[in-house]
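Asks: heads up, no residue letters with this:
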């Protein structure tokens, strides 16, 4: 005979629990009725009670993927790296959403710092000889030493940095590589002597002994006069990179195929001696020079639009006079980008040629929002003009003193805007240098950044001696009060010179 007990609990207004099995308070005493039942077998009762006891309680590993993705967006990069180590479910969710998170959210930038030549382990012959790159996280105010693949990061010069987390580096042989400094992924780009004006002299073993650059250009920018031929100039393999590479822009990021190879990437390069534009896509063995006669390009930036149908990406390119063209780049096929004029020259206090060719002014192009363009003119003064003590007065170096902003308006003209009232930037900051010129919101997880400020790194003119002997012009310019200071936590590291610092937008995905 089986006794089946049915219970009816008195309702507790403070804790209305409808399940008598979870009663934990003595003041909720149930009233019970006892019935005599002979048709319910004991085995069925045990199975019913056991099922209740075996029911798993929800845990952190049961969080849904879209909820984990919203958490990832709000985490600083170091925590994004730690999250997959919690459990296999989180690892799978992080891997599945990493690309989407990077696409909708640019993480708080890091500053790649120079090497401290006197630090322990940073010596030739040490076990980890210059194999780690040092980064300053602006959100945390702390540094990270991250191992890097060969060739040694201590011999690399960074000439580009993309919002996708990839660097463009030139090694000691002036060969270019794409490098993700967080994951160690690396892609080699075509050699420099595939540019039509670069020639490599090799020894019997095929090693490059020196490079020579030869060029021919119009004496007049309108092309009315005869061409001028500049005699070739020779450079050692490790010196070419200072003279040749001006800036590299990643138009589309690499994607790893199932075979382990890399595809889908496109790189655009501004190269000297004439500030020409060249392009290379996945699988290319040579650089392709774009036909833009008499145009000296100073900056390019990808439009804030995803690649359209057929893998096309819009790229804005600005020349030394402030004229802007839109290039429609096919990132999947070997086709010449189509080019269309967008904006005329930007008139400022100095001529376009003088502005671009001198060390006192640099121009950058930023897209604030889709189709909304902003020119930034970085103004410098000679260091000896600002400081009484000049240890090497024969060397004229520059430091940033101001920035002028020009916005492309609806009535098709460049209009200078006042940065003091934070109208054009508002709650955003600009990151400029060899990196892709970028406008970043300072709210949310990037509240450590300051709005209406321009974060600069030194971008030349570079030389072998300057990169190793002269303090870099790196700092934060506050447009409201005109102050210029080093980034928080970087002052001591910036006493060192090599390699020149660059802004990095870290990514945990390849």
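Replies: Perfect, thanks for sending it. Treat the numbers as computed from the prediction; the structure is a model and nothing was measured. Numbers count the residues shown, from 1 in each chain.
Asks: Quick check: end-to-end length of stretch 262-271?
Replies: End-to-end span of stretch 262-271 (Cα to Cα, to the nearest Å): 24 Å.
Asks: what residues does the host helix or strand of residue 407 touch?
Replies: Per DSSP states H and E, residue 407 falls inside strand 398-408. Here strand 398-408 makes contact (Cβ atoms under 8 Å, 6 or more residues apart in numbering) with 322, 324, 342-343, 346, 348-349, 359-360, 368, 372-383, 386, 414-417, 419, 424, 454, 456, 473, 475, 477, 479, 482, 484. For glycine as for every other residue, the C-beta is placed from the backbone atoms N, C-alpha and C.
Asks: Give me the buried stretch members for it, please.
Replies: For strand 398-408, the neighbour count (16 or more other Cβ atoms under 10 Å) marks 398-400, 403-408 as buried.
Asks: residues in contact with residue 301?
Replies: Shown in contact with residue 301 (Cβ under 8 Å, 6+ apart): 249, 315-316, 365-367, 436-437.
Asks: That one and residue 362: what is the separation?
Replies: 15 Å (Cβ to Cβ, to the nearest Å).
Asks: among the contacts of residue 301, which are in strands?
Replies: 249, 315-316, 365-367 (DSSP state E).
Asks: Is it possible to get the residues you listed out as CSV so that each row also shows pLDDT, neighbour count and distance to residue 493?
Replies: Putting these into CSV (pLDDT from 0 to 100; neighbours: other Cβ atoms under 10 Å; distance: Cβ to Cβ, whole Å) gives the following:
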residue, pLDDT, neighbour count, distance to residue 493
249, 96, 25, 27
315, 95, 21, 33
316, 96, 21, 33
365, 96, 21, 29
366, 96, 24, 27
367, 94, 20, 31
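Asks: Would you confirm that residue 287 contacts residue 279?
Replies: Yes - counting by Cβ atoms under 8 Å, residue 287 does reach residue 279; the two are 7.2 Å apart.
Asks: what's the overlap in contacts for these two?
Replies: Common contacts of residue 287 and residue 279 (Cβ under 8 Å, 6+ apart): residue 269.
Asks: Sketch out the helices for the stretch 51-200 of the chain, chain order is fine.
Replies: With DSSP state H, counting those that start in this stretch as the criterion, the stretch 51-200 of the chain has helices at 65-74, 77-82, 88-104.
Asks: Kindly report the same for the stretch 251-400 of the chain.
Replies: Using DSSP H, counting those that start in this stretch, helices in the stretch 251-400 of the chain cover 352-357.
Asks: So, low pLDDT: which residues of it?
Replies: Scanning the stretch 251-400 of the chain for pLDDT under 70 picks out 305-310, 348-359, 383-396.
Asks: Now do stretch 443-455: distance from first to last residue.
Replies: This stretch, stretch 443-455, spans 16 Å end to end (Cα to Cα).
Asks: State the mean pLDDT of that stretch.
Replies: Over the span of stretch 443-455, the pLDDT mean works out to 77.
Asks: What of stretch 153-163?
Replies: Stretch 153-163 carries an average pLDDT of 92.
Asks: Please report the distance of the closest residue to residue 416 other than its chain neighbours from residue 480.
Replies: Nearest residue to residue 416 in three dimensions, chain neighbours excluded: residue 406, at 5.3 Å (Cβ to Cβ, 6 or more residues apart in numbering). Separation of residue 406 from residue 480 (Cβ to Cβ) stands at 19 Å.
Asks: same deal with residue 271?
Replies: For residue 271, the distance to residue 480 (Cβ to Cβ) stands at 37 Å.
Asks: The two: which is more packed in?
Replies: Legend: neighbour count by other Cβ atoms under 10 Å for residue 271 and residue 480, higher for residue 271 (24 against 13).
Asks: just for the stretch 401-510 of the chain, where's the confidence low?
Replies: Ranges of the stretch 401-510 of the chain meeting pLDDT under 70: 421-422, 444-447, 510.
Asks: Do you have the helices of it handy? List them.
Replies: Counting by DSSP H, counting those that start in this stretch, the helices of the stretch 401-510 of the chain are 464-469.
Asks: show me where the stretch 251-400 of the chain has strands.
Replies: 255-256, 262-263, 266-271, 276-281, 288-289, 297-302, 312-319, 324-330, 338-343, 361-369, 372-382, 398-408 (DSSP state E, counting those that start in this stretch).
Asks: Over to stretch 132-146 now: how far is its first residue from its last?
Replies: 5 Å.
Asks: Hmm, I typed the wrong one, I wanted stretch 428-439.
Replies: End-to-end span of stretch 428-439 (Cα to Cα): 7 Å.
Asks: What of stretch 176-183?
Replies: 18 Å.
Asks: before we move on, back to that, looking at the contacts of residue 301, spot the one nearest residue 506.
Replies: Relative to residue 506, the closest of those is residue 436; by Cβ to Cβ it sits at 14.0 Å.
Asks: Name the nearest residue to the closest one, ignoring sequence neighbours.
Replies: In space, residue 436 is closest to residue 162, 5.3 Å off (Cβ to Cβ, 6+ apart).
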